[in-house]
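Peer 1: mind folding the following:
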Amino acid sequence: MACGMICCHGVSKSFGSVRAVNDARLCVERGEFVALLGPSGCGKTTLLRLIAGFEEPEAGTIEIAGRPVAGRGVWATPERRRVGMVFQDYALFPHLTVAENVGFGLARRERRNRVPIVLALVDLCGLGGRYPHELSGGQQQRVALARALAPGPELVLLDEPWSNIDPYLRSSMRDELARILRGIHVTVVLVTHDREEAFSLADRIALMRDGAVVQ
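Peer 2: Below is the predicted model:
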């Protein structure tokens, strides 16, 4: 299976007696926006975490940008995969400012250069000194996106990032996030259970059921 950005070939992962991902196969081309769509418990978040490197597959292989990162004796840690991830709960550090959250994990010189750039990209200029609790939910989401983009990843993974947003604001916020990501031409994989969200945002939809990509 040849792919431009992501190649998951026969990937499986179990937690105890539960097979969360079962022989999953997924191909994502460079620059694509792909939605992993399925009900709760179908394995979509586990597959996303396998791609990110937060879980290790027990079978199958994963390649990112043509480079093996998991399987057949290969294991690349998350920081070596050049992947940005926005978590469902944003996972911001409450004791760090916006700028410190965005620059977390970057070398000092990179922080000086990259933090102002990505804060401007997500329209948070002037808020670098605030703390997460001083921000709205939408602003916290953009901080999480800025942190994901700060290292300059080729691939961004989104784990149901709008689930904690007020339904009245969700549509405009997801459109704004999609606009930012398309504007910088990164490859995006979105996990969602919302059909409307998947069809409105994605170039292509991968339907998951019982741990496998079925369509």
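Peer 1: list the contacts of the residue nearest the centre of the chain.
Peer 2: The centre of the chain sits closest to L157, judged by Cα atoms, centre = their mean, with a distance of 1.5 Å. By Cβ atoms under 8 Å, 6 or more residues apart in numbering, L157 lies in contact with 48, 51-52, 83-86, 188-189, 191. Using the backbone N, CA and C atoms, a C-beta is placed for each residue, glycine as well.
Peer 1: got the buried residues for stretch 126-134?
Peer 2: By 16 or more other Cβ atoms under 10 Å, the buried positions in stretch 126-134 come out as 127-128, 132.
Peer 1: so which bits of the lengthiest helix in the chain are buried?
Peer 2: Looking across the chain with DSSP state H, the single longest helix is helix 167-183. Across helix 167-183, burial judged by 16+ other Cβ under 10 Å covers 170, 173-174, 176-178, 180-181.
Peer 1: between those, which sits nearest R72?
Peer 2: Using Cβ to Cβ, L181 is the member of these that lies nearest R72, at 31.4 Å.
Peer 1: nearest spatial neighbour of the closest one, chain-adjacent residues omitted?
Peer 2: Excluding the flanking residues, the one nearest L181 by Cβ to Cβ, 6 or more residues apart in numbering is V188, at 5.2 Å.
Peer 1: now swap in T61 and tell me
Peer 2: G71 (3.4 Å).
Peer 1: quick one on the thing from earlier: pLDDT-wise, what's the bottom of the buried residues of helix 167-183?
Peer 2: Minimum pLDDT across those is recorded for R170, with 80.
Peer 1: what is the burial count for the spatially closest residue to that one that is not a sequence neighbour?
Peer 2: Among residues not flanking R170 along the chain, W162 sits closest, at 4.9 Å (Cβ to Cβ, 6+ apart). Neighbours of W162 under the rule other Cβ atoms under 10 Å: 22.
Peer 1: hmm, back to that, list the beta-bridge partners for the residue nearest to T61.
Peer 2: Beta bridges link G71 to V74 when assigned by DSSP bridges.
Peer 1: state the distance from it to D159.
Peer 2: Computed as Cβ to Cβ, to the nearest Å, the G71 to D159 distance reads 22 Å.
Peer 1: quick one: secondary structure of the residue nearest to R170?
Peer 2: Put simply, W162 is coil when judged by DSSP: H, G, I helix; E, B strand; the rest coil.
Peer 1: now it: phi and psi?
Peer 2: Torsion angles at W162 (phi, psi; degrees, to the nearest 10) stand at phi -100, psi 10.
Peer 1: that one against M173, yeah?
Peer 2: Yes: using Cβ atoms under 8 Å, W162 and M173 qualify as a contacting pair, with a distance of 6.3 Å.
Peer 1: shared neighbours of those two, anything?
Peer 2: Each of Q141 lies in contact with both W162 and M173 under the rule Cβ under 8 Å, 6+ apart.
Peer 1: C-alpha coordinates for the helix or strand bottoming out on mean pLDDT in the chain, CSV please?
Peer 2: Least confident helix or strand of the chain, by mean pLDDT, DSSP states H and E, is helix 167-183 with a mean of 85. Extracted in CSV, the C-alpha atoms of helix 167-183 (Å, rounded to 0.1, in the frame of the first residue of the first chain):
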residue,chain,number,x,y,z
PRO,A,167,-23.3,23.9,20.2
TYR,A,168,-24.3,27.4,19.1
LEU,A,169,-20.6,28.2,18.5
ARG,A,170,-19.5,24.9,17.2
SER,A,171,-20.2,25.4,13.5
SER,A,172,-18.4,28.8,13.2
MET,A,173,-15.5,27.5,15.2
ARG,A,174,-14.9,24.3,13.2
ASP,A,175,-15.1,26.3,10.0
GLU,A,176,-12.5,28.7,11.3
LEU,A,177,-10.2,25.9,12.4
ALA,A,178,-10.6,24.2,9.0
ARG,A,179,-9.8,27.5,7.3
ILE,A,180,-6.5,27.9,9.3
LEU,A,181,-5.4,24.3,8.6
ARG,A,182,-6.2,24.4,4.9
GLY,A,183,-4.4,27.7,4.6
